[in-house]
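J.: task: produce atomic coordinates for the following.
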Amino acid sequence: MHPEGGHVCVSKLPDDEFDGYSWGKHCGAPYGGKCTVEGLASSVALLERLQLSDNEYENDDKNDPRAVLKDLPDDHPLWDHCANALANLCVTLSLLVSIERIVFGGGVMKRSVLVSKIQTKTRQILNGYLGKVHQLGSGRNCLDGGDQCSTDSISSINDFICTSSVGDDAGLHGALSLAKLAYFQHNTENET
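T.: Okay, the predicted model is just below:
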């Protein structure tokens, strides 16, 4: 079994009538994809929400129906719904496990306005419950108070929730880091 944060159930924004994407019913996802992070924040969910709510929706790209999301303005309400679902995930992770940092990347996170919306909504949902944000982390941070993670000390929500400093290569870098760690642990164990 592997962890799947996208299937975590989340609270929707008030007056939100969109329950989640249609894929959940057909693929056997927990909750049928209703009110889950993936069911509300994935590009498929965002496209379905857009099709249901926006009469001006037009998609000229038949090969990639989700391409229309790239043309939406940053202040489109769709991004607030996406940020809310992802902020709910951040809150769940913060309350459930002792995490050092939350790093987002890829997919819908290519929309640069999302990280600040997620940070703001996470802070709002936590409502001060976990104290100061520097108490959440372990002493790493995003340099210059920016949104991209590096190393130093956590002093703000911008440091705690950020985007990957290696962009779309985060998965590759993560896999290589784990392989390097395993290699050195194996060699250290064999030396003793």
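
J.: check the offset of stretch 112-127 from the chain's centre.
T.: Centroid separation between stretch 112-127 and its chain, computed with C-alpha atoms, centre = their mean, to the nearest Å, is 11 Å.

J.: and for stretch 178-186?
T.: Using C-alpha atoms, centre = their mean, the offset of stretch 178-186 from its chain centre is 27 Å.

J.: tabulate the CA atom coordinates of the helix or strand harbouring His81 in PDB.
T.: Element membership of His81, judged by DSSP states H and E, is helix 77-96. The C-alpha trace of helix 77-96 is given here as PDB (Å, rounded to 0.1, in the frame of the first residue of the first chain):
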ATOM      1  CA  PRO A  77     -12.900  31.700  -8.400                       C
ATOM      2  CA  LEU A  78     -11.700  28.300  -9.600                       C
ATOM      3  CA  TRP A  79      -8.300  29.000  -8.100                       C
ATOM      4  CA  ASP A  80      -9.800  29.700  -4.700                       C
ATOM      5  CA  HIS A  81     -11.500  26.300  -4.700                       C
ATOM      6  CA  CYS A  82      -8.200  24.700  -5.700                       C
ATOM      7  CA  ALA A  83      -6.200  26.500  -3.000                       C
ATOM      8  CA  ASN A  84      -8.800  25.600  -0.400                       C
ATOM      9  CA  ALA A  85      -8.600  21.900  -1.100                       C
ATOM     10  CA  LEU A  86      -4.800  22.000  -1.100                       C
ATOM     11  CA  ALA A  87      -4.800  24.100   2.100                       C
ATOM     12  CA  ASN A  88      -7.000  21.500   3.700                       C
ATOM     13  CA  LEU A  89      -4.400  18.900   2.900                       C
ATOM     14  CA  CYS A  90      -1.700  21.100   4.400                       C
ATOM     15  CA  VAL A  91      -3.700  21.400   7.600                       C
ATOM     16  CA  THR A  92      -4.300  17.700   7.700                       C
ATOM     17  CA  LEU A  93      -0.600  17.000   7.300                       C
ATOM     18  CA  SER A  94       0.300  19.600   9.900                       C
ATOM     19  CA  LEU A  95      -2.000  18.200  12.400                       C
ATOM     20  CA  LEU A  96      -1.400  14.500  11.700                       C
END
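
J.: in that helix, what counts as buried?
T.: 78-79, 81-94 (16 or more other C-beta atoms under 10 Å). Any C-beta I mention is one placed from the backbone N, CA and C, and that applies to glycine too.

J.: repeat for stretch 112-127
T.: So for stretch 112-127, counting by 16+ other C-beta under 10 Å, buried means 114-115, 117-119, 121-123, 125-126.

J.: following the chain onward from the helix holding His81, which element is next?
T.: strand 102-104.

J.: just the buried residues of stretch 112-127: which are in helices?
T.: 114-115, 117-119, 121-123, 125-126 (DSSP state H).

J.: you'd agree Arg49 is up against Phe18?
T.: Yes: at 4.8 Å, Arg49 and Phe18 qualify as touching, with contact defined as C-beta atoms under 8 Å.

J.: shared neighbours of those two, anything?
T.: 40, 81 (C-beta atoms under 8 Å, 6 or more residues apart in numbering).
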